[in-house]
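# just need the structure, nothing else, for what follows:
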Amino acid sequence: MRFGKIEYLNLLPFDVFLKGYRTSNGFKSTCNYKRSYPAKLNKEFLFRRIDAGFISSIAGMKAHYKAKACKAGITAYKEVWSVLVLESSPASDYQSATSNALCLVLDLKGAVLIGDRALKYHYDSKHTNSKSSHFQNSTLKHNKPSKYYDMAKCWYDKTGLPFVFGRACFHTNDTFYKNLIQDFNHKLGQGRRYKGVKIPHYILMPYVKKIGITKTFALKYLEHIYYKIEAKEHHALTLFYRYLRIKGIKAPKRF
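A predicted model of the protein is given here:
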């Protein structure tokens, strides 16, 4: 079994859960091996180089309608901090597929920036004296970050709904992956926050240092992310897919 994971801070609670989950070490090893940014994992999933994984919501559209998607994803309500559109020349982010499409759906003009690089950018905008990190794009280097839009907030202003940026989908081993995600959701407990999963200091700090933010900021950021997909999140996904069809935006394909 080959499971792919998005290598961003926002999926760290799932990583912590998986470390203590009762499954084979071989499966856990493949999870650590198949780690990358969303657009890369989309391609791995579409070419069936991985059996399952957290992929971009737009790439999981077919799985959504074919009941090949689990009830967990990477979701933000009102704000996300790590999916931004910068006020600059229009540009897509090579690491993203969903966010590039969402930018078009929302009719936003600017440069899309996602993941830990976007989180660092947001952090710098709040802490203008912080040192720059290697996450900053060379085309975006300046002393003070320009104005930007939080896409989760823009989506909420438009629809009143949360936005699901990533989705756990599978090709095979349906029962195993459904049980895995069900156990993850059960471990999280009730509500949007990951109350049931405590992130140890020694696991969190390498991310904090790599991105160039503080531990407090990282934990605050994770409070904006939740994982269970229930009725409201399912409706948000269906609405997003409807907008894609209206706008003529195509989902990623193998060829």
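
# tell me, please, the helix or strand in this structure that averages the lowest pLDDT.
One helix or strand of the chain scores below all others by mean pLDDT, DSSP states H and E: helix 25-33, with a mean of 77.

# start and end of stretch 24-43, how far apart?
Distance between the two ends of stretch 24-43: 26 Å, counting by C-alpha to C-alpha, to the nearest Å.

# buried residues in that stretch?
Neighbour counts using 16 or more other C-beta atoms under 10 Å place 27, 30-31, 34-43 of stretch 24-43 among the buried residues. C-betas here are computed from N, CA, C, even on glycine.

# from these, which two are the most distant?
Greatest spatial distance among the buried residues of stretch 24-43 (C-beta to C-beta): Phe27 and Ala39, at 24.2 Å.

# thinking again about what came up before, give me the helices and strands touching the least confident helix or strand of the chain, please.
Judged by 3 or more C-beta pairs under 8 Å, 6 or more residues apart in numbering; DSSP states H and E, the packing partners of helix 25-33 are strand 3-6, helix 12-19.

# with just CA atoms, put the longest helix anywhere in the chain into CSV.
Identified as the longest helix of the chain according to DSSP state H is helix 231-247. Provided in CSV are the C-alpha atoms of helix 231-247 (Å, rounded to 0.1, in the frame of the first residue of the first chain):
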residue,chain,number,x,y,z
ALA,A,231,-22.5,17.9,5.6
LYS,A,232,-21.3,21.5,5.4
GLU,A,233,-17.9,20.6,4.0
HIS,A,234,-19.4,18.2,1.5
HIS,A,235,-21.8,20.9,0.3
ALA,A,236,-18.8,23.3,0.0
LEU,A,237,-17.0,20.8,-2.2
THR,A,238,-20.0,20.2,-4.4
LEU,A,239,-20.5,24.0,-4.8
PHE,A,240,-16.8,24.4,-5.7
TYR,A,241,-17.1,21.7,-8.4
ARG,A,242,-20.2,23.4,-9.7
TYR,A,243,-18.2,26.7,-10.1
LEU,A,244,-15.5,24.9,-11.9
ARG,A,245,-17.9,23.6,-14.5
ILE,A,246,-19.5,27.0,-14.9
LYS,A,247,-16.1,28.6,-15.4
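
# now the helices for this protein?
12-19, 25-33, 38-46, 61-65, 98-105, 115-126, 151-159, 174-188, 201-211, 215-222, 231-247.

# nearest to Ile55, of those helices?
helix 38-46 (5.0 Å).

# what's that closest one in contact with?
4-6, 34, 36, 50, 52-56, 59, 94-98, 114-115, 165-166, 169, 171, 252-254 (C-beta atoms under 8 Å, 6 or more residues apart in numbering).

# can you give me the mean pLDDT across that helix?
The average pLDDT within helix 38-46 is 91.

# ok, residues contacting stretch 168-181?
Contact with stretch 168-181 is made by 1, 3, 21, 23, 45, 48, 51-55, 59-60, 63-64, 68-73, as judged by C-beta under 8 Å, 6+ apart.

# having no further points to raise, I will conclude here.
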